[in-house]
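> Would you be able to build a 3D model of this:
(chains A and B, ligands or ions: 2)
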Amino acid sequence: MKSFFLKDMQYRRARVVLTSLGITVLISLILLLGGIMNGMRIQAQQYVKSTGADIWISAEGSGGAFIGFSLLIEENMAPLNTRRELKEGSLSPLIFAQARPIIRGKSTKAIVVGYMTDKYGGPKQVLDGEGRMFKSSEFQDYRPEDPIPLEVIVDEKMGLEIGEQITIGTEAVKVVGKTSSLMFVLDTPLIFMDVRVAQKVLLGNYPRVNMMIAKANENREPEKVAAFFDAEEKMEARTMNQTLDDIIAYYVDEPMKAVQFLRVMLWIVAGLLVGMITYVTMLEKTQEIGVLKAIGASNSYVMTHLLKQVALISVVGVTIGFCLAYVFAAAAPIFVAINLVESIIVAGISFIVCCGSGYLAARKVIMVDPLIAFRGEIDGGMFRHSPTVAYSDAS
Amino acid sequence: MTAIIEGIGLTKRFGYGDAAVVAIDSVDIRIDERELVMIMGDSGCGKTTLISLLGCILTPDAGELRIDGEEIDLTGQDLSLIRRQKIGFVFQLFHLLPYLTALENVMVAMDIAKTDKSEAEDRSIELLTRVGLSDRLHHRPAQMSGGEKQRVSFARALANRPKVIFADEPTANLDSRQSDNLMNLIQELRQEHQTTVVIVTHHEGLKENADRIVYMKDGKVITS
Ligand SMILES: Nc1ncnc2c1ncn2[C@@H]1O[C@H](COP(=O)(O)OP(=O)(O)O)[C@@H](O)[C@H]1O
Ligand SMILES: [Mg+2]
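Ligands and ions are numbered 1, 2, ... in the order given. Below is the predicted model of the structure:
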């Protein structure tokens, strides 16, 4: 025979299902929001990590390579090439700029990355069978008169064909290859090109770059090198980890503060929902609880009976919500990466919140006076005495 | 005769100040083992309150209570233990749990007393068969007549082998044939189970079943 608490729940199944459903939706939203933020964090980091550069230099006052506006004059940076702190030949010019390329007549969101293929900052090859690398400029130093083919390679997920023309700034460029996907925050694709091409299409051929990236010499700690360069005038320098922290703070954590707040609110709502429904359900059960107590049930017996129900509803709601979050994540129009460990912790906390509020409601209701068993049915309006008797506790 | 329940100077007030009602006013009462006592009196005279006090559902504001030779500590201790070990209740409105079958409604009383499940099931079937409901074991309260529900309720009251059963107007919601049947059943059961029975009623017709009748008026016992 099934346990009494299961029978009780079966009898009130509509309410049980509704409560679970409410928890399900709230939990999946909480997890989904976490997944969205986590996805943003992953995307914020993946390009910078892929470069392998551990020294990121930007213009003085920019606040960091990805934070403020940074333009460096390439020539002024050239002396860094000879510095012992850096690995020989590792200093690389880099342009990383938001752009609105026109693709098939439509203005599209993308980031232009200009780099040198024999240095740091972008892919060294395209995906197998997906075209070829762009042709690099012959001279590494600045020569505006150099003829240079306007070629780019694009993220495989952009859906562009090889040979297709797109417009960046005022120039038409040609897609010659595809790279494995490496989106920036909020699914922003990267378009890679030679740094000279980037200067041509975005900067009117001026010898400027947004940043210089490099690798610290093997016998130097990147932290010390970055701090040393940072102390110099005309530039700011960060390590890769500092740069990643900056990007996450600037592109994810700050703008997502409201979402964090919303997550906490959703938790509170989930707790209130369970608490309220449990409380209302239990008020309806006052008579039954009074009868149970009259026939000898202790408070802890009644409490256990009620808590088993609350716990089962919460477990079912949280578990389905957990699964549903993954379904939502797959269906979401943006990159969502639900972190398994984090979401198990979140689900655990949600379970505790739901049970806790159910417990508070139950604790109030079990104080019912067993005397109520001698009175009429509550909804039958058969109180011969004062209706307050139903809720009086053992005063 | 040994007393199974003894109340001395029991007093119970409801409400405070001007609105205070003295529902039970220094009542002395003694109920002997295996007696069938009926409590009668006008509506509002305190019958329900009195059996609630004797059945450890309410604690008195003053007075002493002895059950089965034991002094009951009335200073706020949890009386549920005494209720499940020594006392059975039958209510006017049956108060069976709507989500349980007749069998489960009897079993739940034994579950409360932590009786082993299979033992509880056997005893519940036995009791329900005894009260003539062997073909109603798996019916829910909503599928049973008032008379049947009240018999389930008696089976539930007997489940934990109580010393005393208190029944508050058990026949008030039954027709006269059902209430005669119930009364006969109570007579048989109390012989078989050696149980003391206290019945609150205003059915004059039931009087002949009682060993003794306690009359109440305005919270006091007037004759017994
Ligand atoms: N919980 C309560 N709160 C306030 N007054 C009550 C309560 N229970 C009973 N009373 C009052 O106590 C008196 C006795 O009630 P009760 O014992 O129910 O009478 P009876 O069962 O004889 O009809 C009545 O005046 C009633 O209004
Ligand atoms: Mg009464």
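> mind listing the helices for the chain?
Reading this off chain A. All helices of chain A, identified by DSSP state H, fall at A:4-11, A:13-51, A:74-77, A:195-203, A:222-230, A:240-247, A:257-284, A:286-294, A:299-331, A:340-365.
> that answer is for a different chain, and I need it for chain B
B:47-54, B:80-86, B:102-112, B:117-130, B:146-158, B:176-193.
> Quickly note the distance from the spatially most central residue of chain B to chain A.
The centre of chain B sits closest to B:Phe166, judged by C-alpha atoms, centre = their mean, with a distance of 1.7 Å. Separation of B:Phe166 from chain A (C-beta to the nearest C-beta, to the nearest Å): 10 Å. The way it works is simple: take the backbone N, C-alpha and C, and place the C-beta from them, glycine included.
> Touching, that residue and B:Val90? I think so.
Yes: contact criterion C-beta atoms under 8 Å: B:Phe166 and B:Val90 qualify, at 7.2 Å.
> okay, now the closest residue to A:Thr286 other than its chain neighbours: neighbour count?
Once flanking residues are discounted, A:Thr286 sits nearest to A:Val368: 5.1 Å by C-beta to C-beta, 6 or more residues apart in numbering or on different chains. Close neighbours of A:Val368, defined as other C-beta atoms under 10 Å in any protein chain shown, add up to 28.
> so what's A:Val368 scoring on pLDDT?
With respect to pLDDT, A:Val368 has a value of 84.
> how about the residue of chain B found nearest chain A, what does it touch?
Closest approach of chain B to chain A (C-beta to the nearest C-beta) occurs at B:Arg84, with a separation of 2.5 Å. By C-beta atoms under 8 Å, 6 or more residues apart in numbering or on different chains, B:Arg84 lies in contact with A:295-297, B:109, B:112-113, B:160.
> Kindly tell me how buried the residue nearest to B:Met216 when sequence neighbours are not counted is, as a neighbour count.
In space, and not counting its chain neighbours, B:Met216 is closest to B:Gly41: 3.6 Å by C-beta to C-beta, 6+ apart. The number of residues packed near B:Gly41 is 20, by other C-beta under 10 Å.
> Would you list the phi and psi of the residue in chain A positioned nearest to chain B?
Residue nearest to chain B within chain A: A:Gly296 (2.5 Å; C-beta to the nearest C-beta). The phi/psi pair for A:Gly296 (degrees, to the nearest 10) reads phi 110, psi 0.
> In contact with it: list those residues for me.
Residues near A:Gly296 by C-beta under 8 Å, 6+ apart: B:80-81, B:83-85, B:87, B:109, B:112-113, B:160.
> circling back to that earlier point, and the residue nearest to A:Thr286, its phi and psi?
The phi and psi torsions at A:Val368 (degrees, to the nearest 10) take the values phi -50, psi 140.
> Give me the distance between it and A:Met282.
Distance, A:Val368 to A:Met282, by C-beta to C-beta, to the nearest Å: 9 Å.
> Could you name every residue contacting both of the two?
With C-beta under 8 Å, 6+ apart as the test, A:Val368 and A:Met282 both reach A:Ile289.
> Quick check: B:Val200 touching B:Lys47?
Yes: counting by C-beta under 8 Å, B:Lys47 is a contact partner of B:Val200 at 4.5 Å.
> Tell me the residues that contact both of those two, please.
With C-beta under 8 Å, 6+ apart, B:Val200 and B:Lys47 have common neighbours B:39-40, B:168.
> Pick the one among those closest to B:Pro141.
Distance to B:Pro141, by C-beta to C-beta, is smallest for B:Asp168 among the shared contacts of B:Val200 and B:Lys47, at 17.9 Å.
> Can you name the residues bridging to the nearest residue to that closest one once chain neighbours are set aside?
The shortest distance from B:Asp168 to any residue other than its chain neighbours is 4.8 Å, reached at B:Val200 (C-beta to C-beta, 6+ apart). Taking DSSP bridges as the rule, B:Val200 bridges to B:Ile39, B:Asp168.
> Grab the nearest non-local neighbour of residue 57.
The chain I'm using is chain A. Leaving aside its sequence neighbours, A:Ile57 sits nearest to A:Met212 (C-beta to C-beta, 6+ apart; 4.4 Å).
> that answer is for a different chain, and I need it for chain B
Spatial nearest neighbour of B:Ile57, chain neighbours left out: A:Pro370 (5.0 Å); criterion: C-beta to C-beta, 6+ apart.
> Would you agree that neighbour is in contact with A:Gln287?
No: look at A:Pro370 against A:Gln287 with C-beta under 8 Å: they stay out of range, at 10.6 Å.
> what does the stretch 1-150 of chain A have sitting close to chain B?
With C-beta under 8 Å from any C-beta of the partner chain as the criterion, the stretch 1-150 of chain A meets chain B at residues A:1, A:4, A:7-8, A:10-12.
> Buried ones only from these, please, as a PyMOL command.
Entered in PyMOL, the line below selects the buried ones among the residues of the stretch 1-150 of chain A next to chain B, by 16 or more other C-beta atoms under 10 Å in any protein chain shown:
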select buried, chain A and resi 4+7+8+12
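> What is the nearest of the residues of the stretch 1-150 of chain A next to chain B to ligand 1?
Nearest to ligand 1 among the residues of the stretch 1-150 of chain A next to chain B, counting by C-beta to the nearest ligand atom, is A:Asp8 at 26.6 Å.
> dump the residue contacts of the closest one.
Residues in contact with A:Asp8 (C-beta under 8 Å, 6+ apart) are A:305, A:309, B:97, B:99.
> Kindly recompute the last result at 7 Å.
Contact analysis of A:Asp8 by C-beta atoms under 7 Å, 6 or more residues apart in numbering or on different chains lists A:309, B:99.
> before we move on, what about A:Pro101?
Listed by C-beta under 7 Å, 6+ apart, the contact set of A:Pro101 reads A:108, A:110, A:166-168, A:191.
> For stretch A:227-234, which outside residues touch it?
Outside stretch A:227-234, the residues touching it (C-beta under 7 Å, 6+ apart) are A:57, A:60, A:76, A:85, A:235-237.
> Which two of those have the greatest separation?
Within those, two members stand farthest from each other by C-beta to C-beta: A:Glu60 and A:Glu85, at 18.2 Å.
> So if I had to pick from those two, which one is more boxed in?
Taking other C-beta under 10 Å, A:Glu60 and A:Glu85 do not tie; A:Glu85 has more neighbours (18 against 13).
> low-confidence ranges in chain A?
Counting by pLDDT under 70, chain A shows low-confidence ranges at A:1-2, A:139-145, A:376-395.
> Go again with 50.
A:1, A:377-395 (pLDDT under 50).
> still on that earlier bit, kindly write the PyMOL command that selects the buried subset of the contacts of A:Pro101.
In PyMOL syntax, the buried subset of the contacts of A:Pro101 is picked out as below (16+ other C-beta under 10 Å):
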select buried, chain A and resi 110+166+168+191
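> what about the closest residue in space to A:Asp155 that isn't next to it in sequence, how many residues close to it?
Spatially, and ignoring its direct neighbours in sequence, A:Asp155 is nearest to A:Pro189 (3.9 Å; C-beta to C-beta, 6+ apart). Counted with other C-beta under 10 Å, the neighbours of A:Pro189 add up to 21.
> related to what we said a few turns ago, relative to ligand 1, how far out is the residue nearest to A:Thr286?
The spacing between A:Val368 and ligand 1, counted by C-beta to the nearest ligand atom, to the nearest Å, is 12 Å.
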